[in-house]
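K.L.:
the amino acid sequence is not available; the structure is as follows:
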């Protein structure tokens, strides 16, 4: 097999590219000069970071041969963003016509509300949130020719063990329907009450957008460049309610992850109050949160089941009627419709081990 001509960036290169894209003044220029010394630094960089890198270097007056290529990537991001928003707007309109409330998550809101230049943040997925009770009806509204889910599991099962479903995942930029902004369930009325107007719908308020940027919408942390880029943008561009963030993070069992990641965000010249960070560090954490935090940061055998134990405990706290027994939840989490299917699956794994 031929070697990859553009291997992923080393941790050192990624760190310098992040600093060149996010820091002001001489710190960004110095980081860019260090990044340029590595062969293939543009080819190996995450695409999502490059438009913001271009804009920051342009504002700093940097002039070198890479700028023309970065400008082309920046323009492509603008065109791609406009196309995806144009495709998603009729879907939001159809949901509203069906009496379903919507809330925009992630990239579309981040690019428009936290960046002075929306092209700096490519929208990779158009994420929309609905109430849990509306999820099945919303999925039916969105299902149409040219926009279908590749999911093969019953939606009722997915509602129990996950937080979203992707539509047309084969597209470069799919549509995702969420019923929780986070992978683990949280009290949805607190999220919706804090939401703010956005275009013809709503979006997460800055406090919840920062939480989502840091903990991600999945069971494991998002890639380093993803969450740092988004978290720095929200801290700089939004009015975060730090007291509410610390209180909800402790109550929603997210304090360990937020403390660790906001400590990193401070290193990128983002104004995270020391008092909020200290409160997150001192927060009380149940065993399932501590265990989930450990396995999400390390490649631990069986970590998937630990993460789902944590998620089940959160589901039981927020939606006890939907949680049921952990035995049944665990079966659903592995995508099996019977205990015989579970046995066959694990027997197959033992044979291939």
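P.N.:
Nice, thanks for sending it over. Predicted model, so just to flag it, every value in this text is computed and none were measured.

K.L.:
quick one: the most centrally placed residue in the chain and residue 199, what's the gap?
P.N.:
Note on the chain: the residue nearest the mean C-alpha position is residue 216, at 3.8 Å, using Cα atoms, centre = their mean. Here the distance between residue 216 and residue 199 works out to 24 Å (Cβ to Cβ, to the nearest Å). In this view, the C-beta of every residue, glycine as well, is placed from N, C-alpha and C.

K.L.:
check residue 65 too.
P.N.:
39 Å.

K.L.:
more crowded one of the two?
P.N.:
Set residue 65 next to residue 199 and count neighbours by other Cβ atoms under 10 Å: residue 199 wins out with 13 against 7.

K.L.:
for residue 90, see how far away the more buried one is.
P.N.:
13 Å.

K.L.:
swap in residue 297?
P.N.:
Per Cβ to Cβ, residue 297 is found 40 Å from residue 90.

K.L.:
and if you look at residue 47?
P.N.:
27 Å.

K.L.:
likewise residue 119?
P.N.:
Distance from residue 119 to residue 90, by Cβ to Cβ: 23 Å.

K.L.:
so which of the two has more stuff around it?
P.N.:
It is residue 119, of residue 119 and residue 90, that has more neighbours when counted by other Cβ under 10 Å, with 21 against 9.

K.L.:
buried ones in stretch 276-296?
P.N.:
Going by neighbour count (16 or more other Cβ atoms under 10 Å), the buried part of stretch 276-296 is 276-277, 279-280, 283, 285, 288-289, 291-293, 295-296.

K.L.:
wait, which of those is closest to residue 188?
P.N.:
Of all the buried residues of stretch 276-296, residue 289 has the smallest distance to residue 188: 19.8 Å, by Cβ to Cβ.

K.L.:
against which helices or strands is the helix or strand containing that closest one packed?
P.N.:
Here residue 289 sits within helix 287-297, counting by DSSP states H and E. If contacts are counted by 3 or more Cβ pairs under 8 Å, 6 or more residues apart in numbering; DSSP states H and E, helix 287-297 sits against helix 255-266, helix 303-318.

K.L.:
just the residues contacting the longest one, thanks.
P.N.:
Applying Cβ atoms under 8 Å, 6 or more residues apart in numbering, the contact partners of helix 303-318 are 160-161, 183-188, 219-220, 252-253, 286, 288-289, 291-292, 295-296, 300, 322-323, 326, 329-330, 333.

K.L.:
could you redo the last one with a cut-off of 7 Å?
P.N.:
Helix 303-318 is contacted from outside by 161, 183-187, 219, 253, 288-289, 291-292, 295-296, 322-323, 326, 329-330, 333, using Cβ atoms under 7 Å, 6 or more residues apart in numbering.
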